[in-house]
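Q: Could you work out the structure for the sequence below:
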Amino acid sequence: MKNKTRAPVIAIVGHVDHGKTSLLDYIRGTSVAKTEPGQITQSIGATRIPADVVKKICGNLLEKMKIDLTIPGLLFIDTPGHESFTTLRKRGGAIADIAVLIIDVNEGFKPQTEESLNYLKQFKTPFVVAATKIDRLVGWNPQKDKPFFVTYQEQTQRTQDELEKKLYELIGQLGARGFESERVDRISDFAKQIVVVPVSGITGEGLPDLLMILSGLAQKYMSKKLELKPGEGKGTVLEVKEFRGLGTTIDIILYDGEIRKGDTIVIGGKNVVKTKVKALLEPEPMKELKTSNFIQIDSVTAAAGIKISASEIENVIPGSPLRAVRSEKDVEKAVKEVISEVDEVEIDTDKQGVILKAETLGGLEALIKSLQDRNIPIRKASVGNLTQKEIMESRVMEDPIIIVFGLVVPSDIMTMAKDNKVTVFNSKIIYSLLDDYEKWKQDGKQRREERILESITHPGRVRILPGYVFRASKPAVFGVEVLKGRIKTKYRLKKGGKIIGEIKEIQMDGDNVEEGVMGNKIALSIPGATVGKDVNENDVLDVFLTDNDMSKLREFEMKLKRDEKELLDEME
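A: Next comes the predicted model:
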């Protein structure tokens, strides 16, 4: 007997404003229009499109491609954006069996496109590219709901050329990142090439091609993965929400097995939660997700999005692994599984490095990988809110840095961090966090170099001005012109090889100053020197440099002014 298969889970990722939401909305809207009332399942966090609706939308494309649809349909994750993609993780990768990478054909790659692509690489998720907003090309002649090859034929030569140019650039951008890709109607090898489907979330053009490709790839290359395993339900927590009349509930994606009312669920996180399913809820078909429209069900089979009511789930963390079991023996096995899955991601060491915090386990995993790729040392990485203890741990680090991904840090914690000179970077976008860290590191390097430079004695040369000897000794006070370099208090001056004394004070225009630079005319006060004995008018004096000073100056030579470099060369 042939095993039952489940619907593939499809995530939609990409840059903000590139059309993720409108494409999802169009998929939903078209599905509703193509089916009888009540046939589409609008589940929590996902939209399930049955196989017969996929067939209607695709028209004769499936037949043309010799695809005999055997999967029960497609499950699209509703929450668009890469943040949700990191929530949808499980051991060994992503819950999503396949992803749609949305790229605006008019704009090409953007920062979040890069980030989404990095997630897909990291989680080893196969993907297709939806080149969106073709309807915005100049002169575009829309053909509502038509396959791409049909709508393409209806465009003028000029518009076709414009699309070709944009797709050529996009395919080039993918190639530069190591992905061979081709337009959907020109693909020669689905196993080696990424499919690029030109689409519009406004007119539905190209949507038949997209659904056909997703169905075909899932069936051909993922049949083993999509086999429905009986028994234990496996899922991931999407959100923790208050729900009127039921208290705290969790929204989950069930990606394998089954969950029934009364099952014991085991959820990983800061602390493992073991509790019973009080109620399973799903929205009434195609109704808004309002509280009054939920109906209770007795069981649900993967793949599906579902709301669960249970006790003691207030502190569950999104992205946590979930298991549904029925025997006590299976409960202990599930506890070990979820603990090891969380431990696999979190880091706790005594080494120097940054502290990482993230809202979800998948987010933490992605953040850790991004830092490790850049050889940034990590001291500790965990899910959940930033704590006072972590501020105190960070303050003793060489680099007191905490990186927070996707969480709101309370103002009192931020104040405490500031008081303890701990820098907290906080963003919902990983590349922003990395940019902030790299900038801080670079600025810190410059600050350290500047501090070292300030502590070193710099080269300097002066000439004693005739007629400007104000006092011969105890201390000697005389006017000089700075010929090169800089002169500062506490610098020692030498004439030839002999040190004549240390500068106690510098005055310029009657005011005390810390230093004089090339071109300045200043008065120097030197307690140990005597004019007429140690120095005379028109004498040229140099700053005395130790071997250590010379070595440090050579190390930071690029930071020296041109006249200082020249003088350093002369003095060696």
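
Q: list the contacts for the most centrally placed residue in the chain?
A: Central residue of the chain (Cα atoms, centre = their mean): I430, 1.6 Å from the mean position. Contacts were defined as Cβ atoms under 8 Å, 6 or more residues apart in numbering; by that measure I430 touches 115, 366-367, 370, 405. (C-beta placed from N, C-alpha, C; glycine too.)

Q: now with 6 Å?
A: Neighbour list for I430: 115, 367, 370 [criterion: Cβ atoms under 6 Å, 6 or more residues apart in numbering].

Q: I'd like the residues you listed written out as a markdown table, with pLDDT and secondary structure added.
A: Rendered in a markdown table, the data for the contacts of I430 read as follows (pLDDT from 0 to 100; DSSP: H, G, I helix; E, B strand; the rest coil):
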| residue | pLDDT | secondary structure |
| --- | --- | --- |
| E115 | 83 | helix |
| L367 | 89 | helix |
| S370 | 86 | helix |
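
Q: could I get those as a markdown table with distance to G257 and neighbour count?
A: Output for these, formatted as a markdown table (distance: Cβ to Cβ, whole Å; neighbours: other Cβ atoms under 10 Å):
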| residue | distance to G257 | neighbour count |
| --- | --- | --- |
| E115 | 32 | 23 |
| L367 | 29 | 23 |
| S370 | 32 | 21 |
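
Q: quick one: the residue nearest to the centre of the chain from K276, how far?
A: 37 Å (Cβ to Cβ, to the nearest Å).

Q: One more: D539?
A: Distance from D539 to K276, by Cβ to Cβ: 95 Å.

Q: before we move on, what about E205?
A: 49 Å.

Q: quick one: which of the two has more around it?
A: E205 (25 against 12; other Cβ atoms under 10 Å).

Q: where's the residue nearest to the more buried one when sequence neighbours are not counted, which helix or strand?
A: Leaving aside its sequence neighbours, E205 sits nearest to T151 (Cβ to Cβ, 6 or more residues apart in numbering; 4.5 Å). Element membership for T151 (DSSP states H and E) is helix 148-153.

Q: how far does that helix sit from the chain's center?
A: Using Cα atoms, centre = their mean, to the nearest Å, the distance from the centre of helix 148-153 to the centre of the chain it belongs to is 37 Å.

Q: and the spatially closest residue to S223 that is not a sequence neighbour, what are its phi and psi?
A: Nearest residue to S223 in three dimensions, chain neighbours excluded: T5, at 7.1 Å (Cβ to Cβ, 6+ apart). Torsion angles at T5 (phi, psi; degrees, to the nearest 10) stand at phi -110, psi 160.

Q: Report how many residues lie close to T5.
A: Neighbour count for T5, taken as other Cβ under 10 Å: 18.

Q: Verify the contact between it and L69 for me.
A: No - counting by Cβ atoms under 6 Å, T5 stays clear of L69, with 10.8 Å between them.

Q: anything in contact with each of the two?
A: Contact criterion Cβ under 6 Å, 6+ apart; residues shared by T5 and L69: none found.

Q: Tell me where the model's unsure across this structure.
A: Residue ranges of the chain with pLDDT under 70: 1-3, 30-44, 78-87, 89-93, 284-292.

Q: Can you pull the domain assignment for this protein?
A: In terms of domains, the chain is parsed into 9-221, 233-340, 346-454, 460-571 (source: automatic domain parsing).

Q: circling back: who does the residue nearest to S223 bridge with?
A: Taking DSSP bridges as the rule, T5 bridges to E227.

Q: The one 5 residues further on too?
A: Assessed by DSSP bridges, I10 has beta-bridge partners F76, I98.

Q: surely it meets F76?
A: Yes - counting by Cβ under 6 Å, I10 touches F76, with 5.1 Å between them.

Q: where does F243 fall, phi/psi-wise?
A: F243 adopts backbone torsions of phi -140, psi 120, taken as degrees, to the nearest 10.

Q: Which strand or helix spans the residue nearest to it when sequence neighbours are not counted?
A: In space, and not counting its chain neighbours, F243 is closest to T249: 4.4 Å by Cβ to Cβ, 6+ apart. Taking DSSP H and E as the definition, T249 sits inside strand 247-256.

Q: ok now that strand, how far from the chain's centre?
A: The answer for strand 247-256 is 25 Å, by Cα atoms, centre = their mean.

Q: partner strands of the next helix-or-strand element following it, parallel or antiparallel?
A: Sequence-wise, the next helix or strand downstream of strand 247-256 (DSSP H and E) is strand 258-260. Note on strand 258-260: by DSSP bridges, its sheet partners are strand 299-301 (antiparallel).

Q: before we move on, the earlier item: residues contacting the residue nearest to F243?
A: Per Cβ under 6 Å, 6+ apart, neighbours of T249: 241, 243, 307, 309.

Q: which residues are in contact with stretch 129-138?
A: 18-19, 100-106, 142, 159, 162-163, 196-200, 202-203, 210.

Q: rerun at 7 Å
A: 18-19, 23, 100-106, 140, 142, 159, 162-163, 167, 170, 181, 194-203, 205-206, 210 (Cβ atoms under 7 Å, 6 or more residues apart in numbering).

Q: Helices along the stretch 1-150 of the chain, start to end?
A: For the stretch 1-150 of the chain, the helices defined by DSSP state H, counting those that start in this stretch cover 20-33, 51-58, 61-64, 82-87, 111-122, 148-153.

Q: Phi and psi next, for the residue nearest to the centre of the chain.
A: Note on I430: backbone dihedrals following degrees, to the nearest 10 are phi -60, psi -40.

Q: And the residue lying closest to it once chain neighbours are set aside, how close does it get to I187?
A: With sequence-adjacent residues excluded and distances taken as Cβ to Cβ, 6+ apart, I430 is closest to S370, at 5.3 Å. The gap separating S370 from I187 is 31 Å, by Cβ to Cβ.

Q: just D263 next, same as before
A: 43 Å.

Q: Settle it for me: which of the two has more neighbours?
A: The residue with more neighbours, out of D263 and I187, is D263; 21 against 15, by other Cβ under 10 Å.

Q: Give the full set of residues in contact with the residue lying closest to the more buried one once chain neighbours are set aside.
A: Using Cβ to Cβ, 6+ apart and skipping the chain neighbours, the partner closest in space to D263 is A324 (4.4 Å). By Cβ under 7 Å, 6+ apart, A324 lies in contact with 232-233, 259, 263, 265.

Q: try it again with 8 Å
A: Counted by Cβ under 8 Å, 6+ apart, A324 has contacts 232-235, 257-260, 263-265, 277.

Q: got it, and L541?
A: 461-464, 480, 493-495, 500, 535.

Q: switch to 10 Å and redo it
A: Counting by Cβ atoms under 10 Å, 6 or more residues apart in numbering, L541 touches 460-464, 480, 483, 487, 493-496, 500-501, 524, 526, 529, 534-535.
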